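Peer 1: Fold the following.
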Amino acid sequence: MSNVQRHDHKKMSVVMLWVILFMFVQLSNESIIQLLAPVMVEYYGVTMVKISIIVTIGGIVFGVGGTIYSVLTEVLSMRQLFLFGIITFCIGSLIGFIVHPWFALFAVARFIQCMGAVCATGCYIVLVSRYLPEKVQSTYLAVSTALFLLGAGLGVLAGSFITNYLSWEFALLLPFVTALAIPVIYKHMPNDRPGKGKLDIPGAVIVSIGVIFSILAISLQNYYCLFGAILFLAGYVMYARRRQNPFLELKLLSIKGLKLTYVTTFLLFGVQYCVLFLLPFIVREMYGLTLLQTGWLFLAANSPALATAMITGKVVSKIGRNRTFYLGWSLFFTSLVLFTICMGAPLYFIWLAMFLFAISNPFLYTGIVTAASGLLPDAKLGSGMGIFLLMMGWGNSVVVSVMGLLLTNRLIDFRIFPYISNGADASSYSNAYLILAIIFFIVFLLYRYVHGNKVYKHEQ
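Peer 2: Sure, this is the predicted structure:
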């Protein structure tokens, strides 16, 4: 609590409002990119699996960059990190707007944009844990995942308005709103440097290249990239064994239950991101919705997640984090079942599935974050949660890329449910959600095995 006492609670409350704005715009921007994926398929004349690279860049940078930012919170001040993040976010967005006619250059601009944007999520868990009282930490963690869904709603709506009345590339300029936060961040954000850690730059580079190769191996169906991924990731394992403070502390994996918790994280967030990736294609191809109509649909379905987030802290304190996770899992799994069996049915069934998906996420996110952090010693919170963020981002990218590959090559274009008669696309999307439901059931089994009967020290 010493850090909390050193910083004025009122100032931190003001700072958190602007941090939340930064995170909201970052998440909204990712939702806009997802919304525009079908538009970009037509604009660039490429396949769904290739355009998934533009979407999964966010997942790649989120995983590796989030880990880097998490480690840097032990080296640099929060003020320095957030100022760098906001400025880089804006610069990358401007470059993307300028070079958008060229696919390769636009992909590079997306990378720069995401390098800045990931500061919001990479530093958020550490910021909340280090500078806020324990009694409000669960609420802020739940708010962060509610913003993920609210950003998916308002972000899609804003992107659809801009695209409808201007052109899709103007939606890329939304991140400039975050520049409004710079004065408050500079004045009130904590500027103390813990000075305990040191960023392992060679290790970060090796891991980054390995993760990028693993995504490209799937997206481009390239065996050379697969070989590169294996080579670099195996090389990092040997490298880390010889380093005293490596980029990813693999020694933490010896903590009982932590490896399976990271696997659970990989699968959980991969399924979550894939649901959002598929939705714009479904409502456009299956139901013929315009971008503007899609925006309203996302907003109507996702806004209730904010209300769920506001009560998550009370739910955790009343029924415990495990039951909170199971509540979120049950709602999420029900939504996947609805997507599977109602594909091609009236649109309100899809809205109901989206609604259940949205309200489940604050419970799920708070449950898995606190479960993972509860396994880590306090001195290794930054490093351990850095690996957690890497697994989140890696899961996002891999699952989306695999699903894009399956749909592009029509590998799941067959009918399982005879009553689904809206053509091949309906069966393909139904099968896609069936696969996600199976993966998500594995998530339940893994979490139950590791955390089912576990009591954390702060729950005793």
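Peer 1: residue contacts, the closest residue to Arg241 other than its chain neighbours?
Peer 2: The shortest distance from Arg241 to any non-neighbouring residue, by C-beta to C-beta, 6 or more residues apart in numbering, is to Leu250 (7.7 Å). All C-beta atoms are positioned from the backbone trio N, CA, C, and that covers glycine. By C-beta atoms under 8 Å, 6 or more residues apart in numbering, Leu250 lies in contact with Val237, Ala240, Arg241.
Peer 1: what's the closest non-adjacent residue to Leu268?
Peer 2: Distances taken as C-beta to C-beta, 6+ apart place Val443 nearest to Leu268, at 5.0 Å, with adjacent residues excluded.
Peer 1: Kindly report the same for Gly452.
Peer 2: Nearest residue to Gly452, sequence neighbours excluded (C-beta to C-beta, 6+ apart): Asn322, at 6.9 Å.
Peer 1: show me what contacts the one you found?
Peer 2: Asn322 makes contacts with Gly367, Ala371, His451, Gly452, Lys454, as judged by C-beta under 8 Å, 6+ apart.
Peer 1: Ok, Leu260 next?
Peer 2: Counting by C-beta under 8 Å, 6+ apart, Leu260 touches Leu446, Tyr449, Val450.
Peer 1: Go ahead and confirm the last one touches Val263.
Peer 2: So the one you mean is Val450. No - in this structure Val450 lies outside contact range of Val263 using C-beta atoms under 8 Å: 9.4 Å.
Peer 1: Which one of those two is surrounded by more residues?
Peer 2: The residue with more neighbours, out of Val450 and Val263, is Val450; 20 against 16, by other C-beta atoms under 10 Å.
Peer 1: That one - nearest residue in space that isn't next to it in sequence?
Peer 2: Val450 sits nearest to Gly257 (C-beta to C-beta, 6+ apart), 4.2 Å away.
Peer 1: can you check Phe111 too?
Peer 2: Ile57 (5.7 Å).
Peer 1: any idea how far Gly313 is from Ile387?
Peer 2: Distance, Ile387 to Gly313, using C-beta to C-beta, to the nearest Å: 26 Å.
Peer 1: Just want to know which of those two has more residues nearby.
Peer 2: With neighbours defined as other C-beta under 10 Å, Ile387 and Gly313 compare such that Ile387 has more, 25 against 21.
Peer 1: Okay, and the more buried one sits in which element?
Peer 2: Per DSSP states H and E: Ile387 is located in helix 381-408.
Peer 1: and the strand or helix carrying Ala234, what does it pack onto?
Peer 2: Taking DSSP H and E as the criterion, Ala234 maps to helix 223-241. Here helix 223-241 touches helix 201-219, going by 3 or more C-beta pairs under 8 Å, 6 or more residues apart in numbering; DSSP states H and E.
Peer 1: for the helix it packs on, packing partners?
Peer 2: helix 48-72, helix 223-241, helix 381-408.
Peer 1: hang on, the earlier thing: now do the residue nearest to Gly452, the pLDDT please.
Peer 2: What the model reports as pLDDT for Asn322 is 83.
Peer 1: what about it, distance to Val450?
Peer 2: 10 Å.
Peer 1: ditto for Ala179
Peer 2: Relative to Val450, and taking C-beta to C-beta, Ala179 is found at 42 Å.
Peer 1: Flag the shaky bits of the stretch 1-150 of the chain, pLDDT-wise.
Peer 2: Scanning the stretch 1-150 of the chain for pLDDT under 70 picks out the ranges 1-10, 48-49, 52, 56, 59-60, 63, 134, 137-138, 141-142, 145-150.
Peer 1: For it, which segments are assigned as helices?
Peer 2: Along the stretch 1-150 of the chain, the segments classed as helices by DSSP state H, counting those that start in this stretch run 2-6, 9-44, 48-72, 78-99, 103-131, 134-165.
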